[in-house]
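Novice: Quick one, structure for this:
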Amino acid sequence: MKILFAAPENAWGGFLGLLRSELPGHQFEATGGFQVASLADTDVLIPTMCPVTADMLADSGPLRLIQQCGAGLEGVDIKAATQKQIWVASVPTDISGNADSVAEIGIYLMIGLARRQRQMVPNLAAGKMGEPQGMSLKGRTVGIVGLGGIGRALASHLAPFGVRLVGIKRSGLRQAKQELGLRWVGRPADLPDLLAQSDFVVLTLPLSADSRNLIEETALATIKPGAFLINLSRGGIVNRQALEVALGEGRIAGAGLDVFWEEPPDPADPIFGHNVMATPHIGGVTDLSMQGIVRVVAENIRRVARNEEPLYTRDS
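Specialist: As a prediction, this is how the structure comes out:
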């Protein structure tokens, strides 16, 4: 079968090379960018950050599987794929090591912002020792918006830091509070309460119609003064213009971004002139995560080759 990887050859930590090693009997092609010119002779598409629209699927030829190398399927027209009897599958974050890896980058961003990492480089160059004074995580309140695989991993990893954990979840509030040691858990309608009490607000929820632009001007006006915003989810959850205004006016102390409103973002975007720590969407790009994701993706390709239903599918 032909597997099309909608990304540069070495993107995502050499994922494609690892997958080739697992499936030597198949043909692989990388598009070189986050786009697809044609699906006419493709059996399996790994879309990465490429949108998969109904128009693209209209001439999809032998395409049998759209297999994401992660959990996010917000860019795939699942209804159109289902109508053409094309399987759509992802890799849940909590079975691959991805959730733990993303949680780690979240803590990295939190510590970097709290300890004023942007100021460290010029201070070292200028010989200013013992500066800047940072802020300890111990005793601070961390609000996790979304307690799925990544949110749960983050709560688990943060517990030894001595933080006060609060969260937002759609259902199972009592169970999540007990299992994760949270001080408070609210529903989505309680988001203003979480924003008002959190020193760090960490976004770990999926992008959907309900969550798009969830953090906008009103939310950022509600957030605790001096708080930090960390986005580990999808760029569309945060309104870019509202974030720039909040940073410029000092309503929030800084932001940690592993995802962006457009990817790749423009490095000259003026938002990066504010107190922003940014990483190039690498939350899940670790040896542990890649091994787990490759294992699931390879298994699904083998299943489709055997005319079997793949694992972790989604339909309309």
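
Novice: For residue 155, see how far away residue 292 is.
Specialist: Applying CB to CB, to the nearest Å, the value for residue 292 to residue 155 is 20 Å. The C-beta positions use only the backbone N, C-alpha and C, and glycine is treated the same way.

Novice: just so I have it, where are all the strands in the stretch 1-150 of the chain?
Specialist: For the stretch 1-150 of the chain, applying DSSP state E, counting those that start in this stretch gives strands covering 2-5, 27-30, 44-46, 65-67, 87-89, 141-145.

Novice: now those as JSON lines including mean neighbour count, distance to residue 253 and mean pLDDT?
Specialist: Output for the strands of the stretch 1-150 of the chain, formatted as JSON lines (neighbours: other CB atoms under 10 Å; distance: least, CB to CB, whole Å; pLDDT from 0 to 100):
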{"stretch": "strand 2-5", "mean neighbour count": "21", "distance to residue 253": "39", "mean pLDDT": "96"}
{"stretch": "strand 27-30", "mean neighbour count": "15", "distance to residue 253": "40", "mean pLDDT": "95"}
{"stretch": "strand 44-46", "mean neighbour count": "27", "distance to residue 253": "38", "mean pLDDT": "97"}
{"stretch": "strand 65-67", "mean neighbour count": "25", "distance to residue 253": "40", "mean pLDDT": "97"}
{"stretch": "strand 87-89", "mean neighbour count": "23", "distance to residue 253": "40", "mean pLDDT": "96"}
{"stretch": "strand 141-145", "mean neighbour count": "26", "distance to residue 253": "14", "mean pLDDT": "98"}
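
Novice: Residue 263 against residue 281, yeah?
Specialist: Yes: under the criterion of CB atoms under 8 Å, residue 263 makes contact with residue 281 at 6.2 Å.

Novice: Between those two, which contacts overlap?
Specialist: Common neighbours of residue 263 and residue 281, using CB atoms under 8 Å, 6 or more residues apart in numbering, are residue 49.

Novice: quick one: low-confidence parts of this protein?
Specialist: Applying pLDDT under 70 to the chain picks out residues 316.

Novice: Relative to the centre of it, find the outermost residue for me.
Specialist: The centre of the chain is farthest from one residue, residue 127, which by CA atoms, centre = their mean lies 37.0 Å away.

Novice: how about the helices in the protein?
Specialist: Here the chain has its helices, by DSSP state H, at 11-22, 54-57, 78-83, 93-96, 98-114, 117-125, 149-158, 173-180, 191-197, 217-222, 240-248, 287-305.

Novice: which helices and strands does the fifth one pack with?
Specialist: This points to helix 98-114. helix 149-158, strand 200-203, strand 228-231, strand 254-257, strand 276-278, helix 287-305 (3 or more CB pairs under 8 Å, 6 or more residues apart in numbering; DSSP states H and E).

Novice: Next, the angle helix 287-305 makes with it.
Specialist: 150 degrees (axes from the mean of the first three to the mean of the last three CA atoms, to 10 degrees).

Novice: one step back: same list (the helices of the chain) but as TSV, adding mean neighbour count.
Specialist: As requested, these are exported to TSV (neighbours: other CB atoms under 10 Å):
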stretch	mean neighbour count
helix 11-22	18
helix 54-57	16
helix 78-83	16
helix 93-96	20
helix 98-114	23
helix 117-125	13
helix 149-158	23
helix 173-180	15
helix 191-197	18
helix 217-222	16
helix 240-248	18
helix 287-305	20
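
Novice: Tabulate these (a markdown table), appending distance to residue 36.
Specialist: Output for those, formatted as a markdown table (distance: least, CB to CB, whole Å):
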| stretch | distance to residue 36 |
| --- | --- |
| helix 11-22 | 14 |
| helix 54-57 | 7 |
| helix 78-83 | 14 |
| helix 93-96 | 24 |
| helix 98-114 | 23 |
| helix 117-125 | 37 |
| helix 149-158 | 27 |
| helix 173-180 | 38 |
| helix 191-197 | 36 |
| helix 217-222 | 35 |
| helix 240-248 | 26 |
| helix 287-305 | 17 |
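
Novice: and residue 42, which of the ones you listed is closest to it?
Specialist: helix 54-57 (10.6 Å; CB to CB).

Novice: contacts for that closest one?
Specialist: Here helix 54-57 makes contact (CB under 8 Å, 6+ apart) with 36, 39, 63, 77, 80-81, 84, 86.

Novice: Tabulate the CA atom coordinates of it in PDB.
Specialist: C-alpha atoms of helix 54-57 as PDB (Å, rounded to 0.1, in the frame of the first residue of the first chain):
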ATOM      1  CA  ALA A  54     -14.800  17.000   1.400                       C
ATOM      2  CA  ASP A  55     -13.400  18.500  -1.800                       C
ATOM      3  CA  MET A  56     -10.100  16.700  -1.300                       C
ATOM      4  CA  LEU A  57     -11.900  13.400  -0.700                       C
END
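
Novice: how much distance is there from that helix to the middle of the chain?
Specialist: Centre-to-centre, helix 54-57 and its host chain are 25 Å apart (CA atoms, centre = their mean, to the nearest Å).

Novice: Likewise for stretch 196-215?
Specialist: Using CA atoms, centre = their mean, the mean C-alpha position of stretch 196-215 is found 12 Å from that of the whole chain.

Novice: Since that was my last question, I'll sign off now.
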